[in-house]
Each structure stands twice: as structure tokens, then as C-alpha cells.
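J.: Predicted model follows, preceded by the sequence.
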Amino acid sequence: MTRSFNPDLDLTISRVIRAPRSRVWSAWTDPASFEQWWIPAPARCKVVDMDMHPGGAFVTRMSEDGGDFTPHLDACFLDIADGERIVFTNALVGGWRPAEQPFMTAIITLQDHPDGTDYTAHVMHRNNADRNMHAEMGFYDGWGTVVEQLAKLVEHRAG
């Protein structure tokens, strides 16, 4: 799969996580682990569905301030390459059904790095307005925070 970064449509964040790729993969694919880092604290995450195969549903809910869980993400996995790549979109929901309000497609890649795992989230949008809205909503702060939370979770387990 060839992907190229389009600065008018895409946002990307990456960092080296000081833990083996297998541990990062496990934190992404185990719902109990995933709930610990996916949403910036102190908000909480609940995985409703994580059917990790192409066409599988990917549904999360969030709770802020200890309140009720509300919709967060209703998406569909497009591609899963074990230990290497997860691709999902909210343009579709589970079973390849079109979503009501498509917004993005995300490609998460994990590569070996001398210090652990090179983690990249490449998020593509259908137009510049959606890309800019995502940036203004706090893409770098939000996705940066959750990647930091992921790193702390798996680096702690590595140590």
C-alpha cells in the first residue's frame, strides 16, 4: 500500500515509544488495554465493539467528569496487518455500511525502531475544511495526549 501525505487534507503525528512493537500492538488490540489510553484523561473510554478484521465494527464511548458514556467513535476497520498496521474510517460503520457523517480515515503504523517502536497516526480527510476543523478541534493536543498515554502504559509494562 502506497500512501502519500497531502498537507491540504492530512494530519500526522508520530513518536518513538520505548517498548517492543508487540506490546504496542497488544495495547491497540486488547479492549481492556485500549480503554486505558484511547481518550485523553481524565475522560474515560469504553469499547463497545472492536471486531478487528476488514469490515469489522470499531465503536467507542466516552465519559467526561464521571457522567454517562456518550458516543465517541463509530467506525469500521478497513485493513489489519498483524503487528504492523491498523486502518479504520468513520466514513463506514461495521459491515461496510455507509456512515451518516463521514469525517476521516486513519492509518496507524508500527515499525521497529532501535529504541522500541516508531508509532505513526496518519489521518486523512475528504477536504481541506474537514482537515482544518480537525486541527482546530485539537488534533495535535488530543492525539498527542493519547499517544503519550499509550506510551506510558506500554513503557511501564516494558520496565
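T.: Arrived safely. These figures come from a predicted structure and were not determined experimentally.

J.: So for stretch 115-129, what gets flagged as buried?
T.: 116, 117, 118, 119, 120, 121, 122, 123, 124, 125 (16 or more other C-beta atoms under 10 Å). Glycine gets a C-beta too; all of them are placed from N, C-alpha and C.

J.: how far does the longest helix along the chain sit from the chain's center?
T.: If you go by DSSP state H, the chain has its longest helix at helix 139-158. Its chain's C-alpha centre and that of helix 139-158 lie 11 Å apart, by C-alpha atoms, centre = their mean, to the nearest Å.

J.: now for the longest strand along the chain, which elements pack on it?
T.: Scanning the chain for the longest strand, with DSSP state E as the assignment, gives strand 70-81. Applying 3 or more C-beta pairs under 8 Å, 6 or more residues apart in numbering; DSSP states H and E, we find strand 70-81 packed against strand 57-63, strand 85-89, strand 92-93.

J.: Closest one of the buried residues of stretch 115-129 to residue 40?
T.: residue 121 (14.2 Å; C-beta to C-beta).

J.: which SS class is that closest one?
T.: On the three-state scheme (DSSP: H, G, I helix; E, B strand; the rest coil), residue 121 is labelled strand.

J.: partner residues bridging it?
T.: When bridges are called by DSSP bridges, residue 121 pairs up with residue 13, residue 108.

J.: Could you pull up the residues touching it?
T.: Residue 121 makes contacts with 12, 13, 14, 106, 107, 108, 143, 147, as judged by C-beta atoms under 8 Å, 6 or more residues apart in numbering.

J.: now residue 144
T.: Residue 144 neighbours (C-beta under 8 Å, 6+ apart): residue 13.

J.: what pLDDT does it get?
T.: In this model, residue 144 is scored at 96, pLDDT.

J.: Kindly state the pLDDT recorded for the closest residue to residue 119 other than its chain neighbours?
T.: Nearest non-adjacent residue to residue 119, counting by C-beta to C-beta, 6 or more residues apart in numbering: residue 17, 5.2 Å away. According to the prediction, residue 17 has pLDDT 98.

J.: Residue 17 contacts residue 111, doesn't it?
T.: No. At 10.9 Å, residue 17 does not count as touching residue 111 under the criterion of C-beta atoms under 8 Å.

J.: Which one's more surrounded, these two?
T.: residue 17 (26 against 13; other C-beta atoms under 10 Å).

J.: Ramachandran angles for that one?
T.: Phi and psi for residue 17, reported as degrees, to the nearest 10, are phi -100, psi 130.
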